[in-house]
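Peer 1: Fold the stuff below for me.
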Amino acid sequence: MRYVLHALVVASAITSITHAQSVILMSPEWAQQACAAWNEQPALTEELGSSGWAENNKDRGYKVLHVYRKDCPDSPIVELRIEHREGKATCAYGGPVENQVLDTDADYLMYADTRRWQEMGAGRYGPMRAMMFRRLRFEGPKWEAMRNMGPFEQFLLLVGKVDSDLTECP
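Peer 2: Next up is the predicted model:
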């Protein structure tokens, strides 16, 4: 009995620590972690850096991605800012929106219900299916996105790589 009680206490502590480490999906803290995770993905940094995607930035030096959860209507949108540095698409910022106005010739707005973000982050389907069935909505340069489907899929998988709490809205 003593060992069972000890095991329950340890399991509870591990669960508490794990829960404390996860951030709310699409919160500013999540965006910061997603930015760091972006920079660890060669499909995002190298492929988008060499394809011309990151250079389409309207001579500002960066592209902007705004993302949010559609079923969290009062939640803020978060921003990822991608810079073209030394031939790579590097995430330079993740957090609250700093660029209020997007230029949809270069920038992206993406949103979906929490359940859909979770499905895409788990790799259940990619961007083509998500857009075709309107599970993922986005505004931005569609042809550019179509030419970069591999990295786009890696971005969706990135959602599943950041340990996130899906039960609360940011």
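Peer 1: Please tell me I have it right and Arg135 contacts Thr114.
Peer 2: No: at 11.5 Å, Arg135 and Thr114 do not qualify as touching, with contact defined as C-beta atoms under 8 Å. Placement of C-beta: from N, CA and C, glycine included.
Peer 1: Quick check: which element contains Leu65?
Peer 2: Following DSSP states H and E, the helix or strand that holds Leu65 is strand 62-69.
Peer 1: and the helix or strand following that strand, what does it pack onto?
Peer 2: Next helix or strand after strand 62-69 toward the C-terminus (DSSP H and E): strand 78-85. Counting contacts by 3 or more C-beta pairs under 8 Å, 6 or more residues apart in numbering; DSSP states H and E, strand 78-85 is packed against helix 28-38, strand 62-69, strand 88-96.
Peer 1: residues in contact with strand 78-85?
Peer 2: Strand 78-85 has contacts (C-beta atoms under 8 Å, 6 or more residues apart in numbering) with 26-28, 30-31, 34-35, 38, 48-49, 54-55, 57, 61-68, 89-99, 170.
Peer 1: So for it, mean pLDDT?
Peer 2: Across strand 78-85, the average pLDDT comes to 97.
Peer 1: What of stretch 163-170?
Peer 2: For stretch 163-170, the mean per-residue pLDDT is 93.
Peer 1: ok, residues contacting it?
Peer 2: Applying C-beta under 8 Å, 6+ apart, the contact partners of stretch 163-170 are 18-19, 21-28, 30, 69, 71-72, 74-76, 78, 114, 118.
Peer 1: May I have the distance across it, first residue to last?
Peer 2: Using C-alpha to C-alpha, to the nearest Å, the span of stretch 163-170 from its first residue to its last is 14 Å.
Peer 1: What are the buried residues along that stretch?
Peer 2: 164, 169-170 (16 or more other C-beta atoms under 10 Å).
Peer 1: do the same with stretch 130-139
Peer 2: Buried-residue list, stretch 130-139, by 16+ other C-beta under 10 Å: 130-131, 135-136, 138.
Peer 1: Which residue in the residues you listed has the weakest pLDDT?
Peer 2: pLDDT across those is at its lowest for Met131, which sits at 86.
Peer 1: The residue nearest to Phe138 when sequence neighbours are not counted pairs with what?
Peer 2: Here the nearest residue to Phe138 in space, its sequence neighbours aside, is Met110; by C-beta to C-beta, 6 or more residues apart in numbering that works out to 4.3 Å. Here Met110 shows beta-bridge partners Val67, Phe138, assigned using DSSP bridges.
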